[in-house]
Structure formats: C-alpha cells, structure tokens
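**Student:** Need coordinates for the following:
(one chain, ligands or ions: 1)
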Amino acid sequence: MRKKVENCVQQIREKTDFVPKVALILGSGLGALADEIQVEVSIGYEELEGFPVSTVAGHKGRFVFGYIGKTPVVIMQGRVHYYEGYAMSDVVLPTRVMRLLGAEILFLTNAAGGISEKLKPGDLMLLTDQISSFVPSPLIGPNVDDWGERFPSMDTIYDLQLRDLLREEAKKCDVDLKEGIYLQTTGPCYESPAEVRMFGMLGADAVGMSTAVEAIVARHMGMRICGISCISNMAGGTAKEPLSHEEVKEVAERVAPLFKQLVRSSIERMC
Ligand code: HPA
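**Tutor:** Numbers count the residues shown, from 1 in each chain. Here you go, the predicted structure:
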C-alpha cells in the first residue's frame with residue numbers, strides 16, 4: 001500500500017514540482033470550480049499507473065494544480081468512491097498522495113442528503129464531526145509509522161480555527177452556513193426511510209457516500225481538515241418523487257455559484 005502511494009507521488013513529481021498547501025476535494029456537481037482557477041498543471045488520473053479512476057458520471061477524474069488567490073492548491077476534480085468496487089486503501093490513496101505532495105490542509109466537499117429538520121435542499125453545511133462506523137476503516141492493515149500513529153485520535157477531526165474561518169467567510173459571502181454531523185454509508189443505494197430515522201437517532205444531520213474515510217486518513221497523517229456538504233436533497237425520499245442522482249447533481253449545480261465563492265474566499269485566506 002505504501003509503495004503504491006509513493007509510486008503515484010513519484011509519477012506526479014516527474015510531471016511537476018508544484019507544492020500545494022491546500023488539498024481540495026470537489027464533490028458531485030461542484031467540480032466546475034477547478035475550471036475557474038489559475039491552473040499551473042493538470043494530471044488526469046488515468047495518466048498515473050496504479051491510480052483509481054472514478055467511474056461515476058459527473059465526476060471528472062484529474063488533479064488540478066494551481067493558485068486560488070496566493071494559496072497553492074491541488075484540487076481533486078472527481079473523487080473515488082468505495083461503492084465503485086475499489087479497496088478502501090485505494091479510495092483514500094489520492095488523499096494520502098496529496099498529503100505527501102505537501103498539502104497541510106484538506107478541504108472536503110460533497111453532496112449529501114439532509115436528515116436534520118434544520119436542513120433543506122440547497123443549504124450548505126459546515127462539518128463539525130462525523131460518523132464513519134458504517135464503512136470499513138481506511139486505516140485497517142499495517143500502519144505506516146512514518147505517516148501517523150497506529151491509534152490516532154479522532155477528537156476534533158474538523159479543525160476549530162478553519163471552522164471559524166469558514167463561518168467568517170460565509171458571513172461575508174452572505175451564506176447562511178448550517179452546521180452538522182456527516183454520516184458516511186457505503187452506498188450506492190440511497191437510504192431507506194427506516195435507515196434515515198436510525199441515522200437521525202444516532203446524531204447524524206446529513207448522509208453521504210464519501211468524505212469521512214478521507215478525513216480519517218488525513219487526520220492520521222496530521223492534516224488540518226475542514227468540510228462543507230451541499231445538501232442536495234432530503235435523505236430517504238421525503239420528496240414526492242423517488243430520489244435520483246440527476247436531482248442530486250441539479251441541486252448541487254444550482255448552489256454551486258455561492259458554494260464556489262465561499263470555498264474560494266476561504267482558501268484565499270489559508271495561504
Ligand atoms: N444519501 C446518500 N448520499 C447522498 C445523498 C443521499 O440522500 N444525496 C447526495 N448524496
């Protein structure tokens with residue numbers, strides 16, 4: 001596993017010596033942000049031997065290296081999901097690669113289903129904590145001591161100062177930023193109404209199929225982490241129509257301008 005990660009890092013280093021400070025992972029419908037930054041280099045996942053290639057429609061697969069303001073960033077335009085059939089170690093490989101390229105901060109974004117009554121479709125939710133107990137831990141297997149400790153704490157996964165920064169920027173951008181706990185499932189099916197009720201009882205405010213495992217490996221490797229969910233729908237089909245991936249993408253794309261502004265102005269301050 002270590003070899004595979006380091007081999008990807010080496011292949012990238014043969015193409016660019018760019019050192020990012022912030023790693024940004026863009027979720028469903030949010031990928032356009034990567035097209036609007038000052039790009040230095042971009043590398044398609046398929047160019048990297050051993051790198052998992054995303055198969056979901058709407059998830060372009062490439063790293064974009066460049067600047068948001070003065071902040072050097074690497075953006076994952078399209079992520080890899082566990083439900084695509086990859087080993088969990090492959091799902092989190094890109095996060096580890098970005099860390100080894102130099103990124104100190106991980107900025108996670110996703111589309112998620114709202115569980116809490118305080119949320120409605122189109123809301124942006126700042127992640128304050130997460131529940132990953134329904135997916136295998138990405139840290140199972142031999143520990144790479146150079147990367148992090150065997151039993152890392154998951155206390156304050158989402159950095160307090162970064163949370164403050166995002167709240168401040170949300171105010172400036174006139175975004176009514178909600179806050180809550182994200183729960184990750186394996187997917188790919190959406191949740192049944194009974195599951196949504198269960199997750200709500202467990203304390204989850206929103207549910208999605210990514211993010212928590214990426215946060216775990218980033219925390220393990222000592223990154224500072226922040227995350228925002230775009231609430232694209234209410235989980236479990238409280239709407240009249242059955243939930244569809246199209247609906248998820250449509251709402252995410254509708255909110256994208258505000259979302260992009262918030263992400264951009266926050267990252268500008270992370271230099
Ligand atoms: N459930 C799980 N993942 C999701 C959802 C949902 O309702 N919406 C967007 N991603």
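
**Student:** Stretch 218-232 close to the ligand?
**Tutor:** Yes - applying CB under 6 Å from any ligand atom, one finds stretch 218-232 in contact with the ligand at residue 232. For every residue, glycine as well, the C-beta is placed using N, CA and C.

**Student:** ok, and the residue of the stretch 101-250 of the chain found nearest the ligand, which helix or strand is that part of?
**Tutor:** Distance from the ligand to each residue of the stretch 101-250 of the chain (CB to the nearest ligand atom) is smallest for residue 113, at 2.1 Å. In this assignment (DSSP states H and E), residue 113 forms part of strand 105-114.

**Student:** Just name whatever secondary elements that strand is in contact with.
**Tutor:** In terms of contacts (3 or more CB pairs under 8 Å, 6 or more residues apart in numbering; DSSP states H and E), strand 105-114 is packed against strand 22-26, helix 93-100, strand 124-131, strand 206-208, helix 212-220, strand 224-234, helix 245-268.

**Student:** For residue 10, find the nearest of those.
**Tutor:** helix 93-100 (9.7 Å; CB to CB).

**Student:** mind putting the helices and strands packed on strand 105-114 in JSON lines, mean neighbour count and mean pLDDT included?
**Tutor:** Below are those laid out as JSON lines (neighbours: other CB atoms under 10 Å; pLDDT from 0 to 100):
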{"stretch": "strand 22-26", "mean neighbour count": "25", "mean pLDDT": "97"}
{"stretch": "helix 93-100", "mean neighbour count": "24", "mean pLDDT": "98"}
{"stretch": "strand 124-131", "mean neighbour count": "21", "mean pLDDT": "98"}
{"stretch": "strand 206-208", "mean neighbour count": "27", "mean pLDDT": "98"}
{"stretch": "helix 212-220", "mean neighbour count": "25", "mean pLDDT": "98"}
{"stretch": "strand 224-234", "mean neighbour count": "25", "mean pLDDT": "95"}
{"stretch": "helix 245-268", "mean neighbour count": "19", "mean pLDDT": "87"}
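
**Student:** So which of those is nearest residue 76?
**Tutor:** Comparing those against residue 76 with CB to CB, the closest turns out to be strand 22-26 (4.6 Å).

**Student:** helix or strand right after that closest one?
**Tutor:** That would be, after strand 22-26 and using DSSP H and E, strand 38-44.

**Student:** From the contact counts, what lies against that next one?
**Tutor:** Under the contact criterion of 3+ CB pairs under 8 Å, 6+ apart, strand 38-44 touches strand 62-68.

**Student:** For the strand it packs on, output the C-alpha coordinates as CSV.
**Tutor:** In CSV, the C-alpha atoms belonging to strand 62-68 read as follows (Å, rounded to 0.1, in the frame of the first residue of the first chain):
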residue,chain,number,x,y,z
ARG,A,62,-8.0,14.7,-12.6
PHE,A,63,-5.7,16.6,-10.3
VAL,A,64,-5.6,20.3,-10.9
PHE,A,65,-2.6,22.2,-9.5
GLY,A,66,-2.8,26.0,-9.3
TYR,A,67,-3.5,29.0,-7.2
ILE,A,68,-6.6,30.3,-5.5
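
**Student:** Tell me how far the helix or strand following that strand lies from the chain's centre.
**Tutor:** Counting by DSSP H and E, the next helix or strand C-terminal to strand 62-68 is strand 71-77. On the basis of CA atoms, centre = their mean, to the nearest Å, strand 71-77 is displaced by 12 Å from the centre of the chain it belongs to.

**Student:** Tell me the neighbouring strands of strand 71-77, and mark each as parallel or antiparallel.
**Tutor:** With DSSP bridges as the test, strand 71-77 is paired with strand 22-26 (parallel), strand 62-68 (antiparallel).

**Student:** got those strands as TSV, with distance to residue 161 columns?
**Tutor:** What follows is the strands paired with strand 71-77, written out as TSV (distance: least, CB to CB, whole Å):
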stretch	distance to residue 161
strand 22-26	14
strand 62-68	18
